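A.B. asks: quick one: sequence plus predicted model below, questions after.
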Protein chains: 2
Amino acid sequence: MSQDLDQLTINTIRLLSVDAVAAANSGHPGAPLGLAPAAHAVWKQMKFNPRDTKWINRDRFILSNGHACALLYSLLVLYGYDLEVEDLKQFRQLNSKTPGHPEALDVPGVEVTTGPLGQGISNAVGLALAQTQFAATYNKSDVQISNSYTYSFLGDGCLMEGVASEASSLAGHLQLGNLIAFWDDNRISIDGSTEVAFTENVVERYKAYGWHVLEVPHGDTDLEGIANAIEEAKKVTDKPTLIRLTTTIGFGSLAQGTHGVHGSPLKADDIKQLKEKWGFNPEENFAIPAEVKNYLSEIVKKNQEGHEEWKKTFDQYKQKYPELGAEVQRRLDGKLPEGWEKNLPTYTPQDKAVATRKLSEIVLQSVYDAVPELIGGSADLTPSNLTRTTSAVDFQPPSTGLGDYSGRYIRYGVREHGMGAIMNGIAAFGANYKNYGGTFLNFVSYAAGAVRLSALSHHPVTWVATHDSIGLGEDGPTHQPIETLAHFRAIPNVSVWRPADGNETSAAYKSAISSTSTPHIIALTRQNLPQLEGSSIENASKGGYTLVKQDNPDVIIVASGSEVSIAVDASKKLAEEGFKAGVVSLPDFFTFDNQSQSYRLSVLPDGVPIISVEVMSTFGWSKYSHEQFGLNRFGASGKGPELYKFFEFTPEGIADRAAKTIQFYKGKPVLSPLNRAF
Amino acid sequence: MSQDLDQLTINTIRLLSVDAVAAANSGHPGAPLGLAPAAHAVWKQMKFNPRDTKWINRDRFILSNGHACALLYSLLVLYGYDLEVEDLKQFRQLNSKTPGHPEALDVPGVEVTTGPLGQGISNAVGLALAQTQFAATYNKSDVQISNSYTYSFLGDGCLMEGVASEASSLAGHLQLGNLIAFWDDNRISIDGSTEVAFTENVVERYKAYGWHVLEVPHGDTDLEGIANAIEEAKKVTDKPTLIRLTTTIGFGSLAQGTHGVHGSPLKADDIKQLKEKWGFNPEENFAIPAEVKNYLSEIVKKNQEGHEEWKKTFDQYKQKYPELGAEVQRRLDGKLPEGWEKNLPTYTPQDKAVATRKLSEIVLQSVYDAVPELIGGSADLTPSNLTRTTSAVDFQPPSTGLGDYSGRYIRYGVREHGMGAIMNGIAAFGANYKNYGGTFLNFVSYAAGAVRLSALSHHPVTWVATHDSIGLGEDGPTHQPIETLAHFRAIPNVSVWRPADGNETSAAYKSAISSTSTPHIIALTRQNLPQLEGSSIENASKGGYTLVKQDNPDVIIVASGSEVSIAVDASKKLAEEGFKAGVVSLPDFFTFDNQSQSYRLSVLPDGVPIISVEVMSTFGWSKYSHEQFGLNRFGASGKGPELYKFFEFTPEGIADRAAKTIQFYKGKPVLSPLNRAF
Ligand SMILES: [Ca+2]
Ligand SMILES: [Ca+2]
């Protein structure tokens, strides 16, 4: 292949991107123009099959500067993914396959949803981590089924984001040699020159993280330099590589090198001169020269041959290692091990009171051996989150002597946001990875940006979120969640569990590990909770259920987690006062909302006033209750039980408010809050 | 003073901390034992007055590793702040003055609330920034009224957090020479050795950020080395300094150097041997040797003399520069300029439709000159957030030629979390700073950790949060807020404004700039909105008000922001169908909740079904409505107006649901949702 053909391909990518942005009259032409050479250099040597986008041993390409998505869509069209020029013409239009940022669910070939800065490169760390773990677990010296790379482009914006700093620091520590990132050093961000806010020495920073750093000073033109850098990167197997690519934003445009080309379409004249300069017909849009088409078809063909080769290798593997082979096949089929859930522990009221964080540890301990795709870690709170099972091996570079790469326990350090984004990357790798991360519930908020993308992208990751209320005690209001559950419950497609005892904790994990498209946050107590009469995995798996049943109750108390057992005691107290109080446990709004209306109405029926009890913000609870008892202020530092008393989350405190609720609704017709007008 | 006396002081600090943790049987003795020498070295040369903790020219001390608060409380007791040994004995007890993490509102002498890792050092950057801006604005070559330093201690955990990375990178760029930070390099975090997750080269990283880095290898004992490092740090005036202090966690304890001393009280035997080793009576707790008391009293006395000197200097200043002097005095008194709010623009329905982000720019433009304490910036979205007024000068090191230190516009770079924490630091500086930061509403979530602390600590900072809904259009679901308002509304003490037009935007800023204790998030549109009939600053300043009044309405539509004008059109549509629909604009829940119950009931009365309309999560709206129309799914990429149609946020879509609401409640008694049983 000639240099000319490469150049023609690069200019084709550039002009497709420019035309897409122009057609939309919206979007970001600058980065595609600057990054097309690197994109071509990466893709022409990448391992992928446009007709099987989930091939487990493909290389992954992550566009962390997702606003440059016209570049990615152009590549996908050119390489024959299920995306056409017609789709490019619909760029950024409603219901198109080419949304304004790369949406993994909508666009075949997009690995992860990007746009929020810093997330993509952190996902890439997760992908590289997962590949490393997968390879170390299943590769054999004579048959290797996993050896793929993760490539990522990132801009100055990503480098400024703390989430990327966290993930990059960890990637260096973990020595992820299969990760190759390109920094688009174009010295421009939206505010103008990066001189105004970003003058740190990125190269030295990444070296300090333990990365291998290369520089390509002429990234606009030096295709060979880029190709060589990729080769160099691959030679260093114990460090991730950052390639500093000096480029010109909007290369070729009359406004190149300015922030004017970052986020606005090029003017018609400008596009015209570009096309003329590069030997394209200025009157034609979305042109794909035949020789480019042929050239890339050849690359795809070779790649598909490589894929066929891999299939043979995998067949060999299955013959030589039938047990592991079946396990890999099962994982690739997205199936959990048959009967894994039988390992989930169950409890009776005779069992002793245990903190749900401890019950969570028992679940992990119980299912860990049966589910090899269950991996996870904690953001430096292992002894508090209880996320590490006794048999676990740390995921660490073998050279450290601290573990090995087949280890399933990840030491994330105090990096909650990085952890969240890495978890998304692990989930995106495929191979049925079910991965979890532990921190205090209050600090899941640090990772809000990543949690939102888990939900949007359908990553079934799990947060083991302990110390879930003022019950944590002395650490005080900086550590006590108030708004946290409301926040995450308000995100579409997040299952926010707050189990009340052992059976409910098992149900939470059953839901989390079975899930293929919904992230889970499991809120767990520091303090001990009794095992409830009437709870079961089956009941709790409906998200909400009647725990204390009453005929014609005067009131229903609906509660979650640590307040459920107090509500049960309140119900007894109310009985002494002559009131019949039913109790409903509602461990997960999301799951409950997915039940039939008739089931839900059987739990929260018409004709009975309902009071909700949860020791944090009442925000959102009126969806299920007429009156809300909660904590709409910050907590306090003190012993957990004293705080519960101080804020009146006691049988007496609840009974008092329930009695007032009965009184208030006496003689008034009461509709269940589940009845809606539309 | 003798070395012995210093050593005795250090051991007194250590043992007070150990005794406090032991008395609580809860807390963190490890870091106080390791950091007491550095704490003493810093405090013995710091400028402060325990009897006037708000003195504007005091040095600030920020304990970023807030879990080490026993150290800070011990210092405050020893230096005669309004905190006694009796308070130490109540460490971590409910309603004590010594909560489990340093709470700025509860403990005199605590500058900022810390505990959530990474926040304190980032607050320190904000404090240093504010001091720099204050000094550059008011110091004169012949009279200097501001020359204080900001000191911060931080642990490995803070260094792992992305928020600290963001703030540190910016501090290097801004060349904040008045910031001196100590890294407690004790090689231990909760998961054990930092070797398991944190092996980057911190020294090189901070050099890459542009910091001056010093090392004190024997931080447990080398008091002179620490003192010298402070002197060295002060000599470098154009770089922040990081002093790497190699220490032993739990120094002196039998378990020193292990994570066992991090977060658990020392055992009785261990405390005994410590006291014996250091010449204290092992039977006595909370001992303060008389010579230590005298020694520190001398330091305080000198400091108070320094404070008196400063007062004289300030008097001189006021004489020589009466206008500026009066301005400084006004700011120190916490008063805004008389009549500033008269600059707020007002609108009539004849004025043209304008995006509220643009209306926000007009407000800033209108009040900027009148309010010199109004400073702010944006996280690299200046041309989108419209946060920079035309007369603004960038806050930049003068040597860069990009601005100067009296500049009031801060280029934060793409660092939302860092920005949030720095904003808190600026607010904590005092001098009536009213500071704002711009980003897209969706990315305020990246800063959730800092927003929560704004609320808890009563920092009146303001987020200019533009692009507040699917109305932003093509950027798609990664950028379109759904849960964001619910999240922040659920945090106690956050004013979340979503103005519907120009008058409401002015009201939002009036509230924000007047506030002394409540952070504000002002959600603003990308798209144009009409100026409403019936809106006014006065009305909106109640948080909610009747915009379209009807006698005996069939339904009330309550809406916020961009949906209010559509609700007004829906009301007209309903009139055509023979229904009387009132319209309520509810720009801020927090402000509305603070109105009298009778006022609120006049807006949302009994007897009328109420439907809320907001183009995002309905979560929480049932507080004010019986039925909710919102968007409980992620948005989509497409043109803004098409998205509004697609999701039916049109006069027809609203009228249809309002009609169903009327139908549903027909013949049923309807109570206002504001009526509560308790
Ligand atoms: Ca850039
Ligand atoms: Ca440490």
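C.D. replies: All right, it came through fine. Residues are numbered from 1 along each chain as shown, chains lettered A, B, ... in the order given. Ligands and ions are numbered 1, 2, ... in the order given.

A.B. asks: what about residue A:364, distance to ligand 2?
C.D. replies: According to CB to the ion, to the nearest Å, residue A:364 and ligand 2 sit 27 Å apart. Placement of C-beta: from N, CA and C, glycine included.

A.B. asks: let me fix that: residue A:379
C.D. replies: Residue A:379 is 14 Å from ligand 2, by CB to the ion.

A.B. asks: now do the same contact list for the residue in chain A that chain B sits nearest to.
C.D. replies: Ranked by CB to the nearest CB, the top residue of chain A for proximity to chain B is residue A:162, at 2.1 Å. Taking CB atoms under 8 Å, 6 or more residues apart in numbering or on different chains, we find residue A:162 in contact with A:118, A:417, B:161, B:162, B:163, B:164, B:165, B:166, B:415, B:417, B:418.

A.B. asks: where does chain A have low pLDDT?
C.D. replies: Along chain A, segments meeting pLDDT under 70 span A:1-3.

A.B. asks: which residue ranges make up the domains of it?
C.D. replies: Per automatic domain parsing, the structural domains of chain A span A:3-304, A:340-529, A:543-665.

A.B. asks: switch the ones you listed over to TSV; also include distance to ligand 1.
C.D. replies: Shown next, in TSV, are those (distance: least, CB to the ion, whole Å):
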stretch	distance to ligand 1
domain A:3-304	4
domain A:340-529	20
domain A:543-665	38
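
A.B. asks: buried deepest among the ones you listed, which one?
C.D. replies: domain A:340-529 (a mean of 24; mean count of other CB atoms under 10 Å in any protein chain shown).

A.B. asks: now do the same end-to-end measure for that domain.
C.D. replies: 26 Å (CA to CA, to the nearest Å).

A.B. asks: quick one: which of the contacts of residue A:162 sit in strands?
C.D. replies: Mapping the contacts of residue A:162 onto strands (DSSP state E) picks out no residues; all lie outside.

A.B. asks: pick out the most distant pair among those.
C.D. replies: A:118 and B:164 (14.8 Å; CB to CB).

A.B. asks: closest to residue B:390 out of the domains of chain A?
C.D. replies: Smallest distance to residue B:390 across the domains of chain A (CB to CB): 15.8 Å, for domain A:3-304.

A.B. asks: now do the SS call for residue A:172.
C.D. replies: Under DSSP: H, G, I helix; E, B strand; the rest coil, residue A:172 falls in the helix class.

A.B. asks: contact partners for it?
C.D. replies: A:206, A:209, A:210, A:211, A:239, A:240, B:199, B:200.

A.B. asks: need the nearest residue in space to it, chain neighbours excluded.
C.D. replies: What sits nearest to residue A:172 in space, not counting adjacent residues and going by CB to CB, 6 or more residues apart in numbering or on different chains, is residue A:210, at 3.1 Å.

A.B. asks: again with residue A:359
C.D. replies: Nearest non-adjacent residue to residue A:359 (CB to CB, 6+ apart): residue A:505, at 4.1 Å.

A.B. asks: and the helix or strand that contains the one you found, what does it pack against?
C.D. replies: Here residue A:505 sits within helix A:502-514, counting by DSSP states H and E. Using 3 or more CB pairs under 8 Å, 6 or more residues apart in numbering or on different chains; DSSP states H and E, the elements in contact with helix A:502-514 are helix A:356-367, strand A:434-440, strand A:462-466, strand A:495-497, strand A:520-523, helix A:537-540.

A.B. asks: again, only this time at 6 Å
C.D. replies: The helices and strands touching helix A:502-514, judged by 3 or more CB pairs under 6 Å, 6 or more residues apart in numbering or on different chains; DSSP states H and E, are helix A:356-367, helix A:537-540.

A.B. asks: which SSE is residue A:583 in?
C.D. replies: Residue A:583 belongs to strand A:581-585, assigned by DSSP H and E.

A.B. asks: which residues does that strand contact?
C.D. replies: The contact list for strand A:581-585 (CB atoms under 6 Å, 6 or more residues apart in numbering or on different chains) reads A:500, A:546-548, A:550, A:553, A:555-558, A:564, A:567-568, A:571, A:574, A:603, A:658.

A.B. asks: angle of it against helix A:502-514?
C.D. replies: Compare the direction of strand A:581-585 with that of helix A:502-514 by axes from the mean of the first three to the mean of the last three CA atoms, to 10 degrees and you get 30 degrees.

A.B. asks: tell me the strands beside strand A:581-585, with direction?
C.D. replies: strand A:545-548 (antiparallel), strand A:555-559 (parallel) (DSSP bridges).

A.B. asks: make CSV out of these and add distance to residue A:522.
C.D. replies: Below are those laid out as CSV (distance: least, CB to CB, whole Å):
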stretch, distance to residue A:522
strand A:545-548, 18
strand A:555-559, 17
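
A.B. asks: closest one to ligand 2 among those?
C.D. replies: strand A:555-559 (38.7 Å; CB to the ion).

A.B. asks: give me the angle between the helix holding residue A:505 and strand A:434-440.
C.D. replies: 130 degrees.

A.B. asks: restricting to C-alpha, output helix A:502-514 in PDB.
C.D. replies: Presented in PDB, the C-alpha positions along helix A:502-514 are these (Å, rounded to 0.1, in the frame of the first residue of the first chain):
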ATOM      1  CA  GLY A 502     -29.700 -11.500  55.600                       C
ATOM      2  CA  ASN A 503     -32.400 -12.800  53.200                       C
ATOM      3  CA  GLU A 504     -32.800  -9.400  51.700                       C
ATOM      4  CA  THR A 505     -29.000  -9.100  51.300                       C
ATOM      5  CA  SER A 506     -29.000 -12.300  49.400                       C
ATOM      6  CA  ALA A 507     -31.800 -11.100  47.200                       C
ATOM      7  CA  ALA A 508     -29.900  -7.900  46.500                       C
ATOM      8  CA  TYR A 509     -26.900  -9.900  45.300                       C
ATOM      9  CA  LYS A 510     -29.100 -12.300  43.400                       C
ATOM     10  CA  SER A 511     -30.400  -9.300  41.500                       C
ATOM     11  CA  ALA A 512     -27.000  -7.800  41.000                       C
ATOM     12  CA  ILE A 513     -25.200 -10.800  39.800                       C
ATOM     13  CA  SER A 514     -28.000 -11.900  37.500                       C
END
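
A.B. asks: hmm, who's touching it?
C.D. replies: Residues outside helix A:502-514 that contact it (CB under 6 Å, 6+ apart): A:341, A:344-347, A:356, A:359-360, A:363, A:434, A:462, A:497, A:499, A:520, A:522, A:531, A:535-537, A:540-541, A:587.

A.B. asks: same check, this time on stretch A:92-100
C.D. replies: Residues outside stretch A:92-100 that contact it (CB under 6 Å, 6+ apart) are A:24, A:26-27, A:73, A:83, A:87, A:90-91, A:106-107, B:474-476, B:637-638, B:642.

A.B. asks: what about 8 Å?
C.D. replies: Contacts for stretch A:92-100 (CB under 8 Å, 6+ apart): A:20, A:24, A:26-27, A:69, A:73, A:83, A:87-88, A:90-91, A:106-108, A:115, B:473-477, B:479, B:636-639, B:642-643, B:646.

A.B. asks: which one's the longest helix in chain A?
C.D. replies: helix A:290-320 (DSSP state H).

A.B. asks: following element in sequence after it, please.
C.D. replies: Downstream of helix A:290-320, the next assigned helix or strand under DSSP H and E is helix A:322-332.

A.B. asks: list the buried residues for that following helix?
C.D. replies: Residues A:324, A:325, A:327, A:328, A:330, A:331 are the ones in helix A:322-332 that count as buried (16 or more other CB atoms under 10 Å in any protein chain shown).

A.B. asks: from ligand 2, how far out is the residue nearest to residue A:359?
C.D. replies: Applying CB to the ion to residue A:505 and ligand 2 gives a distance of 32 Å.

A.B. asks: one more: residue A:608?
C.D. replies: When distance is defined by CB to the ion, residue A:608 is 53 Å away from ligand 2.
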